[in-house]
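**Q** Dropping a prediction and its sequence here:
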Amino acid sequence: MSYAIIRNTKYKRENLKGIYRHNERRNKNYSNKNINPELSHLNYSLKDCKHSYEKEFDLIKEKYNLKGQIKTVSNIACEYIITSDKEYFNSIGIDETKRYFETAYKFVCEYKNLGEQYILSAKVHMDEETPHMHLVFIPVIHTKDKKGNSIDKIACSEFWKAKDSYRQLQDAFYNYMVANNFELERGNPSERVHLSVEDYKKITNFEESKTLLQDVKLEFPDTPDISSFRKLMKNRDEKIQEQIIKPKDKAIKELQEQNALLTLTLNRQMQTVDKAVKYENFRRKY
């Protein structure tokens, strides 16, 4: 039996450019060897993105007067990767595969009353080993302000507030797909042995994570001209400390934390892939 698979990732604004270029096939070269450019013409959109994800986000935020305090560290978008396994899609055929993704798209529109208007893009990739859909949306909640007025608010943490929010998502997605006559089993968020090694690499962006680590750069904030402090000898040391040293120290610390997180994520993926390879070799042997 095949599985109904839906995986969620949260993104900050700085991440949107990269996922836009990948999802919308704007790159000329890809580290993911599973991508077959000769089949990219088979890809299609269920929600077409006419601009970059960043611009699309800004346009939607303005059009619908979305509330919520947006900071540099805020997660402002989420991405579902929706799929099953290659054998399942082969067995149901092209038309049912399209219906699978159309049904999943409707599920996302209805889940937590999100609404189609807050979906940035829904792109189905048919140019890789296993068909899958990248669906990027703004995590909007429908709530009230302090005066009791109904508002729509960008709030990723509140959208995924429940401790078991991922389990709720898995349950709801499975039930929705089965109710629409897809014979599937519920995906298990902690179990990935039902995916092939290559499928797992794709779903977790394994190859792109390695590339991302290589591209990490140290970027420091602009610093004022130190010569301007000569006229202010009294507080010069304090100004240098506050305007030069502390901002650089903060930037270095943040980049170190990001690099450590990326390294940890990649190491976990490599360990899982290594176990999967050993498992497949063992299975073939016996």
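**A** Yes, it's here.
**Q** where are the low-confidence patches of the stretch 51-200 of the chain?
**A** 188-200 (pLDDT under 70).
**Q** where do the helices sit along it?
**A** With DSSP state H, counting those that start in this stretch, the ranges of helices along the stretch 51-200 of the chain come out as 53-63, 86-110, 156-159, 165-179, 197-203.
**Q** Nearest to residue 17 among those helices would be which one?
**A** Of all the helices of the stretch 51-200 of the chain, helix 53-63 sits nearest to residue 17, with 6.6 Å by Cβ to Cβ. In short, each C-beta sits where N, CA and C put it, glycine included.
**Q** And that closest one, what's buried?
**A** The neighbour-count check on helix 53-63 (16 or more other Cβ atoms under 10 Å) flags 53, 54, 56, 57, 60, 61 as buried.
**Q** List the contacts of the closest residue in space to the third one that isn't next to it in sequence.
**A** This means residue 56. Leaving aside its chain neighbours, residue 56 sits nearest to residue 120 (4.9 Å; criterion: Cβ to Cβ, 6 or more residues apart in numbering). By Cβ atoms under 8 Å, 6 or more residues apart in numbering, the contact list for residue 120 reads 47, 49, 53, 56, 57, 60, 77, 136, 137, 138.
**Q** for stretch 40-55, how far is the first residue from the last?
**A** End-to-end distance for stretch 40-55, by Cα to Cα, to the nearest Å: 24 Å.
**Q** what's it in contact with?
**A** 13, 16-17, 19-20, 24-25, 56, 59, 77, 101-102, 105, 116, 119-127, 133, 135-136.
**Q** Could I have the buried ones of those residues as ChimeraX selection syntax?
**A** In ChimeraX syntax, the buried subset of the contacts of stretch 40-55 is picked out as below (16+ other Cβ under 10 Å):
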select :13,16,19,20,24,25,56,77,101,105,119,120,121,122,123,124,125,126,127,133,135,136
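**Q** hmm, back to that, let me have the contacts of residue 120 in TSV, extended by distance to residue 154.
**A** Shown next, in TSV, are the contacts of residue 120 (distance: Cβ to Cβ, whole Å):
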residue	distance to residue 154
47	18
49	18
53	14
56	14
57	9
60	10
77	9
136	14
137	11
138	6
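**Q** sorry, back to before: any idea which of the helices of the stretch 51-200 of the chain gets closest to residue 244?
**A** Per Cβ to Cβ, nearest to residue 244 of the helices of the stretch 51-200 of the chain: helix 53-63, 30.4 Å.
**Q** And the contacts of stretch 143-152?
**A** So stretch 143-152 is in contact with 64, 65, 66, 67, 140, 141, 142, 153, 158, going by Cβ under 8 Å, 6+ apart.
**Q** wouldn't the first one be in contact with residue 117 here?
**A** I take that to be residue 64. Yes: at 6.5 Å, residue 64 counts as touching residue 117 under the criterion of Cβ atoms under 8 Å.
**Q** now, of the helices of the stretch 51-200 of the chain, which is deepest in the fold?
**A** helix 197-203 (a mean of 19; mean count of other Cβ atoms under 10 Å).
**Q** where's residue 83 relative to residue 131, distance?
**A** From residue 83 across to residue 131, the span is 7 Å (Cβ to Cβ, to the nearest Å).
**Q** more crowded one of the two?
**A** residue 83 (29 against 24; other Cβ atoms under 10 Å).
**Q** I'd like to know the beta-bridge partner residues of the more buried one.
**A** Beta bridges link residue 83 to residue 5, residue 132, judged by DSSP bridges.
**Q** And the strands in the protein?
**A** Using DSSP state E, the strands found in the chain span residues 3-12, 44-47, 75-83, 119-125, 132-137, 140-144, 150-154, 185-186.
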